[in-house]
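Asker: Just need the structure, nothing else, for what follows:
(2 chains)
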There are 2 protein chains.
Amino acid sequence: MNALLTDLYELTMAAGYFESGKVSEKAVFEYTIRRLPPHRNFILAAGLPQVVDYLLNLSFAAEEIDYLRGLAQFRHVSPAFFDYLRDFRFTGDLFAVPEGVPMFPSEPVLTIRAPIIEAQIPETYVLSAVAFQSLVATKAARSVEVAGGRAVVEFGTRRAHTPEAGVVGARAAYIGGCAGTSNTLAGFRFGIPVMGTAAHSWVMSFPGEMEAFRQLQRVLGDSTVQLIDTYDTLEGARRAAQLGRPLWGVRIDSGDFLALSHQVRAILDQAGLPEARIMASGDLDEYRIRELVNAGAPIDAFGVGTQLATSADAPALSAVYKMVELEFRGIQRFTAKYSADKISLPGSKQIFREPARDVVARSGECGKGEALLRPVILGGRLVEPLPTVEPARRRAAEWLAKLPAALRQLEVGEPWPVVYSRELRALIDRTRLNVAG
Amino acid sequence: MNALLTDLYELTMAAGYFESGKVSEKAVFEYTIRRLPPHRNFILAAGLPQVVDYLLNLSFAAEEIDYLRGLAQFRHVSPAFFDYLRDFRFTGDLFAVPEGVPMFPSEPVLTIRAPIIEAQIPETYVLSAVAFQSLVATKAARSVEVAGGRAVVEFGTRRAHTPEAGVVGARAAYIGGCAGTSNTLAGFRFGIPVMGTAAHSWVMSFPGEMEAFRQLQRVLGDSTVQLIDTYDTLEGARRAAQLGRPLWGVRIDSGDFLALSHQVRAILDQAGLPEARIMASGDLDEYRIRELVNAGAPIDAFGVGTQLATSADAPALSAVYKMVELEFRGIQRFTAKYSADKISLPGSKQIFREPARDVVARSGECGKGEALLRPVILGGRLVEPLPTVEPARRRAAEWLAKLPAALRQLEVGEPWPVVYSRELRALIDRTRLNVAG
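Answerer: Numbering: from 1, shown residues only, chains lettered A, B, ... in the order given. Sure thing, here's the model as predicted:
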């Protein structure tokens, strides 16, 4: 039912593989980060459950097959191919790096080993699902790092590229270390803490700000966050302070956060509300957060929206899904691509993370350090239920803490060393010689 | 079933409105473009059908209500509110500018008039659904404009922010003038022309390039597009030329497009294949297309992916969904926001497009020119079936052709004049005086 959610060429190739007698040929494809985006020292792996859901449900509905049959591109394709599509399922294997692991260029994040058509069709979906969530998780991790213990909350669904992207974006941001999200469905679906109390429209819907604050407090009790900048931020702070407890805190959504947070803090403290928190939101990203934290702004929580939910300074990831290996009637063949600056490395791989470097090896090699690629689906079946977001979030925090400090900063540091094993290097050389024109 | 796909504060406000006796108060909210993104002279309206689907299906499932009941924020909320949610539906009105119309700052693209809770909850969804598609449609229009009649095909699902975003992104790109998309589901669902034939993995799956080309031709006939840059582009071109017809053309996915396209053209022409087309893809955007077209590159079609599907140079739109009007027991009240550089204008509005300017007026005013906001949903019911993408695409082309040439260029030109009617200006002044602190 989801197999049309792919580029048409995956399906014309499927027809071609079928017609060329390759239907039982096995292929290995790897999803690999080619280059880090600007200003990034790592990419946190995220999005695996969406890939798993996709693969386990991969199929064509009858009317979808009819649609293909009617396309010009399929005019010369034999009826047997459309029969094949009717029963099409993913029967292969998926190996993947667990969510939350920081990854580096030329490392495979996941490997699909399956009959060639089953391995080809997922390309488009896999690229999109993994890259977006990985970008958001990475940007969240950067923001959380510079917030120095202050909460960073994901507020970006309204700017995400579709509301549905907001849901998985919220999930990714949580894996990256955000304290929670404003996206209610992400809370319902993934168990992520949800946050949010009132917008300007709430304040505007009452004839006076004081009345709006009083009604909110009555409904929300100690969850109350008064939004104080609808008319005049300091006047709003005085009104919130005057109302007093119960109160979680106040939110400032515009203006000079540094000056305002000091002034608002003083107002709250003078009113005997030292525990009342100050949240800032509006046009924030990791650079702005760092600036405010370094300047000593008394802000307890940051709401980050647009920049995070769209990974605005790095909205796309240079990643590829490339065929690295073929097996047909017991004969293995390694494949690679050597065209102008778009190179892919042959052979199925494993990554060993050592304390100060990663070694990319051929799969099956023994290595020191932790092997990052693990079986997730074997023979079309899930090996074990996927972990929830909590372990992924913990894993991200643990792995990031182990990275050199320079790689956790916002600026680009000395790259994490990624080397190829001797066996892999030998295979690369051998394959380059063999690549036929 | 979709009502949790919103920011939590929409739902806490809903509870607050309910508890404050505002449940039958009517509100008008407007979705307005606040500022144009950098390098944009207009924004093409797109995404309306997704908003309509959302509103017509707005409801809470029982387990979703239970989830809300369990949240700390709803601890003090009365059981009557959760009963209210059980039967919650959208019963209000939606007015919208048709898809494909170029829009300018401070113009409402859509208006929702409904009981306040029904008008508040859609904020998050509306912002996200409209902005993303509008950004992609706009970037597509820019690319098509500079392509000067050459086809621009949307290839970006793999880089979209989730595969699902790729589907509606493809739709938006088609409205903006793209000739088609690689996204098969967008073809199936919206009737958009789909394109695509083979990737590098196809070529690599055969021991030799010639064999790969021959097999593709056998399966695809005159839809065949040979991808010629897997090993060596010119060698690939020679092989494709040697095979000859049937052949739609060749695709170059890397390297120096200007030089290669001339060389490949010569190879095809010498082989007596003057009708075989050259398509270029890989890291293209409107600037690169203009450069290639101006340099006289013999490229017949451009495949545009990453930059288009993520609107990479403008990944977010500064748009707001603001309450402009309230009506309770026959008393109308206008609302606006005057906080630091985040201003919203009071009162429900209409836009009149005149030959050389737009006039934003109060709704109900008479104006010259075409009234852009039209009723789409009235009393919770669709007024008439929504048009398909074809009329929206035609409308975009027609409206864009009417804009001054400077606004169709890539650089920022003299802004299209947008003025406020006298009545609207009077209302703005009156409301500013009345805004209570």
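Asker: which stretches of the stretch 301-437 of chain A form strands?
Answerer: Using DSSP state E, counting those that start in this stretch, the strands found in the stretch 301-437 of chain A span residues A:301-304, A:318-328, A:331-334, A:337-339, A:342-344, A:349-353, A:358-362, A:370-371, A:374-378, A:381-382, A:418-420.
Asker: hey, which of those strands is tucked in deepest?
Answerer: Most buried of these, by mean neighbour count (mean count of other C-beta atoms under 10 Å in any protein chain shown): strand A:301-304, with a mean of 25. In short, each C-beta sits where N, CA and C put it, glycine included.
Asker: Redo the strands of the stretch 301-437 of chain A as CSV? Include distance to residue A:153.
Answerer: Shown next, in CSV, are the strands of the stretch 301-437 of chain A (distance: least, C-beta to C-beta, whole Å):
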stretch, distance to residue A:153
strand A:301-304, 5
strand A:318-328, 28
strand A:331-334, 47
strand A:337-339, 42
strand A:342-344, 39
strand A:349-353, 31
strand A:358-362, 32
strand A:370-371, 32
strand A:374-378, 30
strand A:381-382, 32
strand A:418-420, 33
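Asker: Compare the ones you listed and say which comes out lowest on pLDDT.
Answerer: Ranked by mean pLDDT, the strands of the stretch 301-437 of chain A bottom out at strand A:337-339, with a mean of 67.
Asker: secondary structure class for the residue nearest in space to the middle of chain A?
Answerer: Centroid-nearest residue in chain A, with C-alpha atoms, centre = their mean: residue A:133, separated by 1.5 Å. At residue A:133, secondary structure determined by DSSP: H, G, I helix; E, B strand; the rest coil is helix.
Asker: quick one: contacts for it?
Answerer: A:46-47, A:50, A:168-169, A:171-172, A:175 (C-beta atoms under 8 Å, 6 or more residues apart in numbering or on different chains).
Asker: again, 7 Å this time
Answerer: By C-beta atoms under 7 Å, 6 or more residues apart in numbering or on different chains, the contact list for residue A:133 reads A:46-47, A:168, A:172.
Asker: give me the subset of the residues you listed touching chain B.
Answerer: residue A:168 (C-beta under 7 Å from any C-beta of the partner chain).
Asker: which of the contacts of residue A:133 has the most neighbours?
Answerer: residue A:46 (34 neighbours; other C-beta atoms under 10 Å in any protein chain shown).
Asker: doesn't that one fall inside a strand?
Answerer: No. Assessed with three-state DSSP, residue A:46 is coil; it does not lie in a strand.
Asker: ok so, going back, right, and the strands of the stretch 301-437 of chain A - which one's nearest residue A:228?
Answerer: Among the strands of the stretch 301-437 of chain A, the nearest to residue A:228 by C-beta to C-beta is strand A:301-304 (13.8 Å).
Asker: picking that back up, per-residue confidence at the residue nearest to the centre of chain A?
Answerer: In this prediction residue A:133 is given a pLDDT of 98.
Asker: about what we covered before: would TSV of the strands of the stretch 301-437 of chain A with distance to chain B be doable?
Answerer: Output for those, formatted as TSV (distance: least, C-beta to the nearest C-beta, whole Å):
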stretch	distance to chain B
strand A:301-304	10
strand A:318-328	4
strand A:331-334	8
strand A:337-339	5
strand A:342-344	5
strand A:349-353	17
strand A:358-362	18
strand A:370-371	26
strand A:374-378	18
strand A:381-382	20
strand A:418-420	20
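Asker: Quick one: closest of these to residue A:70.
Answerer: strand A:318-328 (27.9 Å).
Asker: Can you spell out which helices and strands pack onto the closest one?
Answerer: strand A:26-35, helix A:123-147, strand A:331-334, strand A:342-344, helix B:200-204 (3 or more C-beta pairs under 7 Å, 6 or more residues apart in numbering or on different chains; DSSP states H and E).
Asker: Can you pull the phi/psi pair for residue A:95?
Answerer: Torsion angles at residue A:95 (phi, psi; degrees, to the nearest 10) stand at phi -110, psi 140.
Asker: domain ranges for chain A?
Answerer: Annotated domains of chain A cover A:8-128+A:317-434, A:135-309 [automatic domain parsing].
Asker: Where do the strands of the stretch 51-200 of chain A begin and end?
Answerer: According to DSSP E, counting those that start in this stretch, the strands that the stretch 51-200 of chain A contains are A:93-96, A:102-103, A:108-115, A:151-154, A:180-181.
Asker: which one of those strands lies closest to chain B?
Answerer: Chain B sits nearest to strand A:180-181 of all the strands of the stretch 51-200 of chain A, at 8.4 Å, using C-beta to the nearest C-beta.
Asker: average pLDDT across the closest one?
Answerer: 98.
Asker: can you tell which of the helices and strands packed on strand A:318-328 is closest to residue A:247?
Answerer: Using C-beta to C-beta, the nearest of these to residue A:247 is helix A:123-147, at 22.3 Å.
Asker: Reformat the strands of the stretch 51-200 of chain A into CSV and put mean neighbour count next to each item.
Answerer: Shown next, in CSV, are the strands of the stretch 51-200 of chain A (neighbours: other C-beta atoms under 10 Å in any protein chain shown):
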stretch, mean neighbour count
strand A:93-96, 24
strand A:102-103, 26
strand A:108-115, 24
strand A:151-154, 26
strand A:180-181, 26
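Asker: check contacts around residue A:262.
Answerer: By C-beta under 7 Å, 6+ apart, the neighbours of residue A:262 are residue A:298.
Asker: doesn't it fall inside a helix?
Answerer: Yes. Assessed by three-state DSSP, residue A:262 belongs to a helix.
Asker: and it, what pLDDT?
Answerer: pLDDT at residue A:262 comes out at 98.
Asker: Next, work out how far apart it and residue A:295 are.
Answerer: 10 Å (C-beta to C-beta, to the nearest Å).
Asker: Could you do residue A:170 as well?
Answerer: Taken as C-beta to C-beta, the span from residue A:170 to residue A:295 is 29 Å.
Asker: neighbour count winner among the two?
Answerer: residue A:170 (34 against 12).
Asker: Identify each buried residue in stretch A:274-287, please.
Answerer: By neighbour count on 16 or more other C-beta atoms under 10 Å in any protein chain shown, the buried set for stretch A:274-287 is A:276-282, A:284-286.
Asker: could you say which helix or strand contains the closest residue to residue A:147 other than its chain neighbours?
Answerer: Using C-beta to C-beta, 6 or more residues apart in numbering or on different chains and skipping residues adjacent in sequence, the residue nearest residue A:147 is residue A:289, 5.4 Å away. Here residue A:289 sits within helix A:286-294, counting by DSSP states H and E.
Asker: Show me what the host helix or strand of residue A:278 pairs with in its sheet, parallel or antiparallel.
Answerer: Using DSSP H and E, residue A:278 sits in strand A:277-281. On the basis of DSSP bridges, the sheet neighbours of strand A:277-281 come out as strand A:249-252 (parallel), strand A:301-304 (parallel).
Asker: Just the C-alpha atoms of the first one, please, in CSV.
Answerer: C-alpha atoms of strand A:249-252 as CSV (Å, rounded to 0.1, in the frame of the first residue of the first chain):
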residue,chain,number,x,y,z
GLY,A,249,6.7,30.7,34.8
VAL,A,250,6.5,33.3,32.0
ARG,A,251,7.3,33.3,28.3
ILE,A,252,8.8,36.1,26.3
